[in-house]
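Peer 1: only geometry, no sequence info:
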């Protein structure tokens with residue numbers, strides 16, 4: 001992996017960490033939700049500092065470039081996170097509907 005890609009990976013991870021820490025301090029995000037992003041950025045830092053990991057897995061899985069493997073892993077992790085968020089939002093919508101119906105029934109009486 002070229003040094004420019006490694007630096008970009010590390011700088012991006014540091015930027016994510018900074019944004020997450022500021023969001024937690026400003027109480028715009030819960031600490032439990034920020035753990036995912038902290039772990040994600042640490043993974044990017046590790047891959048940036050130790051590119052041998054990416055080279056090993058790229059050759060093991062048959063990727064032509066370690067950067068392609070890193071992009072695939074990042075996209076895969078973010079897709080999983082998005083699916084989990086969608087599931088949580090669906091449950092919250094259902095709860096809001098139930099609460100609205102309960103309030104409507106209480107106000108009708």
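Peer 2: Alright, I've got the coordinates. From a predicted model like this one, the values you see are computed outputs, not experimental measurements.

Peer 1: and residue 52, what element?
Peer 2: Following DSSP states H and E, one finds residue 52 within helix 51-61.

Peer 1: quick one: contacts of that helix?
Peer 2: 1, 6, 46, 47, 63, 64, 65, 66, 67, 68, 69, 70 (C-beta atoms under 8 Å, 6 or more residues apart in numbering). For every residue, glycine as well, the C-beta is placed using N, CA and C.

Peer 1: The longest helix along the chain - contacts with which helices or strands?
Peer 2: Secondary structure of the chain per DSSP state H: the longest helix is helix 66-108. When contacts are defined as 3 or more C-beta pairs under 8 Å, 6 or more residues apart in numbering; DSSP states H and E, helix 66-108 sits against helix 31-49, helix 51-61.

Peer 1: so how far is it from its chain's centroid?
Peer 2: Distance of helix 66-108 from its chain centroid, counting by C-alpha atoms, centre = their mean, to the nearest Å, is 14 Å.

Peer 1: Might you list the low-confidence residue ranges for this protein?
Peer 2: 1, 109 (pLDDT under 70).

Peer 1: at 50 instead, please
Peer 2: Applying pLDDT under 50 to the chain flags no residue at all.

Peer 1: Apart from its neighbours in sequence, what residue is nearest residue 6?
Peer 2: Counting by C-beta to C-beta, 6 or more residues apart in numbering, residue 48 is the residue found nearest to residue 6 once chain neighbours are left out, at 4.8 Å.

Peer 1: now the one you found: how far from residue 28?
Peer 2: For residue 48, the distance to residue 28 (C-beta to C-beta, to the nearest Å) stands at 27 Å.
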